[in-house]
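Enquirer: need coordinates for the following:
(one chain, ligands or ions: 1)
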Amino acid sequence: MCFRLQDREWSVARLDDGVVDCSGIPTLWEPDRNGSGRQKGFTAATAYHATTMVLDDLGSSLRGTLDNLRGKSRISEEDIQDIVKEIQRSLLQADVDVSLVQELSDNIKTRALEEEPPGGTSPRDWVLRIVYEELVDLVGESTELPLEEQTIMLAGLQGSGKTTTAAKMAWWFSKKGLRPAVIQTDTFRPGAYDQAKQMAERAEVEFYGEPDSDDPVQIARDGLEATADADVQIVDTAGRHALEDDLIEELEQIDRTVEPDHSLLVLDAAIGQGAKDQAQKFDEAIAEGVDGVVITKLDGTAKGGGALAAVNETDSTIAFLGAGETVKDIERFEPSGFISRLLGMGDLKQLTERVERAMEETGAEDEDWDPEDMLEGQFTLKDMRKQMETMNKMGPLDQVMDMIPGLGGGLMDQLPDDAMDVTQERMRDFEVVMDSMTEEELENPRVVGQSRTERIAKGSGKPEERIRELLQQHKQMEQMLKQFQGMGDGDMERMMQQMQGGGGGGGGMGGMGGGGNPFGD
Ligand SMILES: Nc1nc2c(ncn2[C@@H]2O[C@H](COP(=O)(O)OP(=O)(O)OP(=O)(O)O)[C@@H](O)[C@H]2O)c(=O)[nH]1
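Expert: Okay, the predicted model is just below:
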């Protein structure tokens, strides 16, 4: 695939060995390691620019509408209407119940128009904050599950993932240092016993079941006794439809026998409008009511928005998310990540916080250093160092790239395994080299000739080769910034779209982008 930018053609292709060949794209930290004249690997500079672009916006669907707020001193009803419409579209696509979407929209509108932004906050930032807060309110906080002795009962429709979740949760608790046990009471589905036993073995946790019994209430009673030493007793029940009265009655009996501290409703992420009614029936059958929801199969295409109706109906919260068939494919619910998933974006909150923190720590918010200046004025080694420090503080590059919507997963798979290590090692070397340079050299690296190179090499304890690499990288970076100068957001967006869209010769980079692409749509 090729793309053209300011009279210069760059190409990106996937090589036979699975590595991305970014021929001609100036790389910031990684010079050609093969001596083949090709630059390998995606560039840190590109990640940096993608980061700032993402931070600058919430996602492609909201981009245009939010841009309308730039420079405005007041927000009009029309502005809010446009933003709300975009959010509605994403949430409805993610199966969120219409009435919940409506309620969220009303809240955003009312707050954005009636509440006064705190002094110094731009209308655009204020609206973003309201949108985020209301989304957090919609999905709720995570169900409280203190790490202490407790009994948990799982209920839900057939095939929703209860047995799998029981083993996953047991694994999760065991990793937190507790001793869990799984009690299988499903006498309804042939094979449920074997499946539960196998999964418990995989999770390396205690298991109780009675393969020949047809009395789930008795199994529950026996199981609680047999696993009394366990800290967390997880009782799996048979799947049932809310309209099957006899099965609902059976659940009531198990519930009265177990008297669980927590009853969790397990829901398939693909559940749609039926979630509300089902949740209501389960809530009624359980004495203390449903107090948490587990959403499973989030590794599929469904985003799990339908489950929010169940959460709302039972006045509960989300406890866990399941995203895969193995016992380790479980995570505690966390609002910001789930919101990003619903809206089809990367984890923007985490990314935003990381970048803000990094900026603060490196003084990037100081008046005398603004990353934007790099795009306009002269680019010195000091600028390069600031950028390196910022990137370092954001955490490992691969994690940062994973958080950037559209740049995660697929891209990382295509990089050589050690690409990021090499990059970070080199960044550390560069920092040491820069410590041995004078102010004059940092401000104007062109003055560094052979004799200065020898001096810096001695002072830093690094080979002369490393100093030349640093100067070379600086030069390439400077050239690239010149390319970016005068380039509007639209050009940048088009470039990213092309890179993510794949196609064209050489196999493209089809693994990138996907659902989380904020530049496409
Ligand atoms: N991809 C994926 N599959 C899952 C997940 N959770 C469960 N499954 C699969 O979904 C199917 C049903 O899961 P079970 O755990 O047997 O569901 P259940 O609710 O216990 O089923 P019943 O006992 O019949 O009610 C199995 O094939 C699981 O492997 C998940 O998070 N992701």
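
Enquirer: quick one, what contacts the residue lying closest to residue 342 once chain neighbours are set aside?
Expert: Nearest residue to residue 342 in three dimensions, chain neighbours excluded: residue 94, at 4.6 Å (C-beta to C-beta, 6 or more residues apart in numbering). All C-beta atoms are positioned from the backbone trio N, CA, C, and that covers glycine. Residues near residue 94 by C-beta atoms under 8 Å, 6 or more residues apart in numbering: 303, 304, 305, 341, 342, 343, 344.

Enquirer: at 6 Å what do you get?
Expert: If a contact means C-beta atoms under 6 Å, 6 or more residues apart in numbering, then residue 94 has 303, 305, 342 as its contacts.

Enquirer: name the nearest of the residues you listed relative to residue 103.
Expert: Set against residue 103, the nearest of the contacts of residue 94 by C-beta to C-beta is residue 305 (13.9 Å).

Enquirer: so how far is residue 192 from the residue in the chain that the ligand sits nearest to?
Expert: Closest residue of the chain to the ligand, C-beta to the nearest ligand atom: residue 239 (2.0 Å). Using C-beta to C-beta, to the nearest Å, we find residue 239 at a distance of 9 Å from residue 192.

Enquirer: domain assignment for the protein?
Expert: Residue ranges for the domains of the chain, per automatic domain parsing: 2-55+345-516, 60-139, 150-338.

Enquirer: ranking those domains by mean pLDDT, which is last?
Expert: Ranked by mean pLDDT, the domains of the chain bottom out at domain 2-55+345-516, with a mean of 56.

Enquirer: how about the closest residue to residue 213 other than its chain neighbours, what does it touch?
Expert: Distances taken as C-beta to C-beta, 6+ apart put residue 219 closest to residue 213, at 5.5 Å, once the chain neighbours are dropped. By C-beta under 6 Å, 6+ apart, residue 219 lies in contact with 185, 210, 213.

Enquirer: SS state for residue 219?
Expert: Of the three states, residue 219 takes helix under DSSP: H, G, I helix; E, B strand; the rest coil.

Enquirer: burial of residue 235, as a residue count?
Expert: 28 (other C-beta atoms under 10 Å).

Enquirer: so it makes contact with residue 259?
Expert: No: look at residue 235 against residue 259 with C-beta atoms under 6 Å: they stay out of range, at 10.5 Å.

Enquirer: the host helix or strand of residue 331 vs the ligand: in contact?
Expert: Under the criterion of DSSP states H and E, residue 331 resides in strand 330-332. No: figure legend: strand 330-332 not in contact with the ligand (C-beta under 6 Å from any ligand atom); closest approach 8.0 Å.

Enquirer: returning to that earlier point: quick one: which of the contacts of residue 219 has the most company?
Expert: Highest count within those by other C-beta under 10 Å belongs to residue 185, 32 neighbours.

Enquirer: what backbone torsions are found at residue 264?
Expert: Phi and psi for residue 264, reported as degrees, to the nearest 10, are phi -110, psi 140.

Enquirer: surely it touches residue 290?
Expert: No: using C-beta under 6 Å as the test, residue 264 is too far from residue 290 to be in contact (7.2 Å).

Enquirer: hmm, who's touching stretch 266-282?
Expert: Stretch 266-282 is contacted by residues 95, 154-156, 160-162, 165, 242, 265, 290, 293-298, 302, 304, 306-307, 309-310, 313-314 when judged by C-beta under 6 Å, 6+ apart.

Enquirer: before we move on, what about stretch 165-180?
Expert: Where contact means C-beta under 6 Å, 6+ apart, the residues beyond stretch 165-180 that reach it are 147, 154, 182, 199-200, 203, 205, 230-232, 234, 236, 266, 294, 322, 327, 330.

Enquirer: stretch 288-297 now?
Expert: Under the contact criterion C-beta under 6 Å, 6+ apart, stretch 288-297 has outside partners 143, 161, 165, 262-269, 282-283, 304, 307, 310-311, 314, 316, 318-322.

Enquirer: kindly check the end-to-end length of that stretch for me.
Expert: Stretch 288-297 has an end-to-end distance of 27 Å (C-alpha to C-alpha, to the nearest Å).

Enquirer: what strand or helix carries residue 207?
Expert: strand 206-208.

Enquirer: residues of the chain that sit close to the ligand?
Expert: So far as C-beta under 6 Å from any ligand atom goes, the chain lies against the ligand at 156, 158-164, 186, 189, 192, 195, 238-239, 296-297, 299-300, 322-325, 329.

Enquirer: looking at these, which are in strands?
Expert: Secondary structure assignment by DSSP state E places 156, 296, 322 of the residues of the chain next to the ligand in strands.

Enquirer: just the buried subset of these, written out for ChimeraX, thanks.
Expert: Here is the ChimeraX selection string for the buried members of these, based on 16 or more other C-beta atoms under 10 Å:
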select :156,296,322
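
Enquirer: do you know how far residue 275 is from residue 307?
Expert: 6 Å.

Enquirer: more neighbours, the two?
Expert: Comparing residue 275 with residue 307 by neighbour count (other C-beta under 10 Å), the higher total belongs to residue 307, at 32 against 25.

Enquirer: which residues touch that one?
Expert: Going by C-beta under 6 Å, 6+ apart, the list of residues near residue 307 reads 267, 275, 293, 295.

Enquirer: now do 10 Å
Expert: 95-97, 139, 265-272, 275, 279, 293-296, 298, 318, 321, 338 (C-beta atoms under 10 Å, 6 or more residues apart in numbering).

Enquirer: narrow the residues you listed to those in helices?
Expert: Of the contacts of residue 307, the ones assigned to helices by DSSP state H are 139, 275, 279, 338.

Enquirer: just flag the most distant two among those residues.
Expert: 279 and 338 (17.7 Å).

Enquirer: where do the strands sit along the stretch 301-450 of the chain?
Expert: In the stretch 301-450 of the chain, the strands defined using DSSP state E, counting those that start in this stretch lie at 317-322, 330-332.
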